[in-house]
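Chemist: fold the following, please.
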Amino acid sequence: MAPLTGRLLLFAGIGDVIALGWCIATAGLTPAIVVIQGISALRAWRYRFYSLWLALVPGLVGLLFALDLPMLALPGSGMFSNLASFGSFLISAATIAALILFGNQRNLAAREWRARYEHLRREQKQQVASLEASNNDLRDRLRRMEALGESLRAISSSLSLDDVLRQILDSLAYMLGVQRIDDAALSLIRRTDLEHRILHANRHAADWANTLAQAVIASQRTILLDQHEIEQRPEWAVLAHYGFRAALSVPLFDPEQPNYVHGALSVVSHQEEAFSLAEERHLTSFSIQAMIAIRNAELHVELSRQQAMLSTVLHDMADGLIVYDDQGAVYLDNAIARRALAQSAAHNGRLATQLADFATYLHQAGDSRIWEVHDGNDDDKRYYRIHGTLVSTSPDKRLAVLVLHDITSQKMQEQQRREFIAKVSHELRNPLNTLQGYLKIVLKESDSIGKLNERQREFLQEVDSSARRLAKRIAELIDLNRSETGQLKLNLVRTNVIDLIIATCMQQQQQVKERDIELVWEVPDQLPDIVADEERISQVLVNLIENAAKATAAGGKITVSAELQHPYIHIHVTDTGTGIPPEQFDKVFRSFYSGGNGISKGLHLGLGLAICKQFVEAHNGNIWIAYSEVGKGTRFSFSLPLQRERALSANTDDGAIAQ
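Modeler: Numbers count the residues shown, from 1 in each chain. Below is the predicted model of the structure:
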């Protein structure tokens, strides 16, 4: 827009000059000239801020009239000509005055702009100088940060603790400048002492590092020393002894324990004012990363040690170990587990499938379990007890841990024991039955076979009593053997618990009374019927009553009671006997354990409670010691579930239920 305006103004000025020249040449001084001069003056005033040369035309015309040139005079001109000349002169004077005024204003503005330009120029120079200083500081910081970054990368590149400690000292010297650092030390707390790593151990002793580290650890803050403090304060005499004039030491805070100082990082120099607050900030930042690298290296060392120990344990443990992830893949195993799986696969076994199924169950159920499984054919059958548990290595990762304990030899020994018990019981039962038969004949038909005196009869009755006890022990062995081999069969019928308890107690009442012990029963008027094997449950009660009688002294009392605790019926046998110590609670139900009742009279194999446990659990119940106090008595309790009609109908259809 500006170039176009300039051209238009140029053409306008040229037009004014041509018009004035034509008027002067043809008519001399006329009012037309004054009009053109006025228009030119107005144009100059309008565009005074654009250009001042437009005022030349109206100004020069006035000067021509002021000079009263003859060529401008017209013949016969009078007062009108004089008025035109005077008006033209006034326009020229005004134009020239305006030209001078605006020229002066332009000069003043130019001087003002020149002053402002000089001021801005000085400010620019100051800003440039400040920017150069900031740039230099930024370059220095960038160099330090690059050095710090290179140092940290070098430190983090190794997980060996010795390499990390050595790299920390090398990186520290590189970061702060080799020229200003005469020595550096990394001090770490090891139990109650300090361990020092010195950059130039052959040049300076470690006592200066020990002095700085102890002061930093005690105060838990950074120490920055100049020459004056080193020379004047006695605690820094060791630094002055080596000629150090500047020292800087920062604490190493444990990232896992922010309030615990793990050691110190120290640098010393023979130069005055070698370290400033900037070096203190950089060294503090470096110390944080260095401590993280030290902690990572220490954790790596500890992890390597634990991994080596774990590998040793896995290799040397007697049981197999196999760990599954939640996808069913093997996460970890040992040689014994691999050998067991390989042996199973060689004999077309299903051990691998069973273990995977157990792992899936653990992930779904979320609890611990113990299984006993067998694998392989008869000739190569192996038995395993598998302990399974679920562990969480992280909030979103769980592992199923299975421990395989080979119990094949134990199972073989149990099998041999059961076969031996079965053979011995069979061999003993036949002659014992014969002995009991002849004893009955002798005792009942003594008149026909020969008169017995009172003492002979007493001896024979004692023999008969011992034979009955021996027959009962043999029966216990047979029952226990059947239960362990899964051959125990229950004859389930609808049973009235109250009638069963009363009938059993009445059968045992005379035997207990002979020991001068009172046997009572306390049962409610009504209890729901259950589906049970009456003979087996009655035997459980008999065994509990006999055990209570053996543990109860003369004058004591045995109470049999029952109660409904839905969905079970609980039956209790309480005595006032010697009691059972708490440490024996878990032992009394074991086979052949006879130390639980305090008093053991006569032939006693420790099978009564074990058989009770087998019979009760075969009914899906439970047996336990409700309470016991030494010297005051014991209560044994067992529970029987309330079976539904379908249990009885199943028993009617199938006959006996194998357990």
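
Chemist: just the helices in the stretch 301-450 of the chain please.
Modeler: Along the stretch 301-450 of the chain, counting by DSSP state H, counting those that start in this stretch, helices occupy 335-346, 351-365, 408-444, 446-449.

Chemist: cool, the stretch 151-300 of the chain as well?
Modeler: Remark: helices assigned in the stretch 151-300 of the chain by DSSP H, counting those that start in this stretch are 161-176, 207-219, 227-232, 237-241, 277-316.

Chemist: and the gap between the residue nearest the centre of the chain and residue 627?
Modeler: Taking CA atoms, centre = their mean, the centroid of the chain lies closest to residue 394, which sits 5.0 Å from it. From residue 394 over to residue 627 the distance is 44 Å, taken as CB to CB, to the nearest Å. (Each C-beta comes from the backbone N, C-alpha and C, glycine too.)

Chemist: pLDDT below threshold where in the stretch 501-650 of the chain?
Modeler: 591-607, 643-650 (pLDDT under 70).

Chemist: picking that back up, will you turn the helices of the stretch 151-300 of the chain into CSV that also has mean pLDDT?
Modeler: Shown next, in CSV, are those (pLDDT from 0 to 100):
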stretch, mean pLDDT
helix 161-176, 69
helix 207-219, 89
helix 227-232, 89
helix 237-241, 89
helix 277-316, 78
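
Chemist: what's the closest of those to residue 4?
Modeler: Closest to residue 4 of those, according to CB to CB: helix 277-316, at 60.4 Å.

Chemist: quick one: the closest one to helix 335-346, angle?
Modeler: Angle between the axes of helix 277-316 and helix 335-346 is 50 degrees (criterion: axes from the mean of the first three to the mean of the last three CA atoms, to 10 degrees).

Chemist: residue 625 pairs with what?
Modeler: residue 636 (DSSP bridges).

Chemist: who's in contact with it?
Modeler: Contacts for residue 625 (CB atoms under 8 Å, 6 or more residues apart in numbering) come out as 580, 585, 588, 634, 635, 636, 637.

Chemist: which of these lies closest to residue 284?
Modeler: Residue 284 lies nearest to residue 585 out of these, by CB to CB, at 62.6 Å.

Chemist: can you get me the start-to-end distance on stretch 620-638?
Modeler: One end of stretch 620-638 sits 11 Å from the other (CA to CA, to the nearest Å).

Chemist: quick check: buried residues in that stretch?
Modeler: Buried residues in stretch 620-638, counted by 16 or more other CB atoms under 10 Å: 621, 623, 625, 628, 633, 634, 635, 636, 637, 638.

Chemist: what about the strands in the stretch 501-650 of the chain?
Modeler: Using DSSP state E, counting those that start in this stretch, the strands of the stretch 501-650 of the chain run over 518-522, 530-532, 557-565, 568-575, 622-629, 633-641.

Chemist: beta partners for the residue nearest to the centre of the chain?
Modeler: In beta-bridge terms (that is, DSSP bridges), residue 394 pairs with residue 397.

Chemist: quick check: which ranges of the stretch 251-400 of the chain have low pLDDT?
Modeler: Within the stretch 251-400 of the chain, the ranges that satisfy pLDDT under 70 run 378-379.

Chemist: hmm, back to that, nearest to residue 7, out of the helices of the stretch 151-300 of the chain?
Modeler: Residue 7 lies closest to helix 277-316 among the helices of the stretch 151-300 of the chain, at 63.3 Å (CB to CB).

Chemist: and the closest one, what does it pack against?
Modeler: Contacts defined by 3 or more CB pairs under 8 Å, 6 or more residues apart in numbering; DSSP states H and E place helix 277-316 against helix 79-156, helix 161-176, strand 246-254, strand 257-269.

Chemist: starting at the chain centroid, how far to that helix?
Modeler: 19 Å (CA atoms, centre = their mean, to the nearest Å).

Chemist: same question for stretch 539-554.
Modeler: 55 Å.

Chemist: sorry, back to before: and the helices of the stretch 151-300 of the chain as CSV, adding mean neighbour count and distance to residue 370?
Modeler: Output for the helices of the stretch 151-300 of the chain, formatted as CSV (neighbours: other CB atoms under 10 Å; distance: least, CB to CB, whole Å):
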stretch, mean neighbour count, distance to residue 370
helix 161-176, 20, 43
helix 207-219, 19, 52
helix 227-232, 15, 71
helix 237-241, 16, 66
helix 277-316, 15, 21
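
Chemist: tabulate these (CSV), appending distance to residue 186.
Modeler: Output for these, formatted as CSV (distance: least, CB to CB, whole Å):
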stretch, distance to residue 186
helix 161-176, 6
helix 207-219, 8
helix 227-232, 21
helix 237-241, 17
helix 277-316, 8
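
Chemist: quick one: the nearest residue in space to residue 374 that is not next to it in sequence from residue 409, how far?
Modeler: The spatially closest residue to residue 374, leaving aside those adjacent along the chain, is residue 383, at 4.9 Å (CB to CB, 6 or more residues apart in numbering). Taking CB to CB as the measure, residue 383 falls 9 Å from residue 409.

Chemist: between the two, who's got more neighbours?
Modeler: Higher neighbour count among residue 383 and residue 409: residue 383, with 19 against 9, using other CB atoms under 10 Å.

Chemist: wait, is residue 13 part of a strand?
Modeler: No: counting by DSSP: H, G, I helix; E, B strand; the rest coil, residue 13 is not found in a strand; it is helix.

Chemist: contacting residues around residue 234?
Modeler: For residue 234, counting by CB under 8 Å, 6+ apart, there are no contacting residues.

Chemist: and the pLDDT for it?
Modeler: Model confidence at residue 234, expressed as pLDDT, equals 90.

Chemist: check the gap between it and residue 211 for me.
Modeler: Per CB to CB, residue 234 is found 11 Å from residue 211.

Chemist: just residue 247 next, same as before
Modeler: According to CB to CB, residue 247 and residue 211 sit 9 Å apart.
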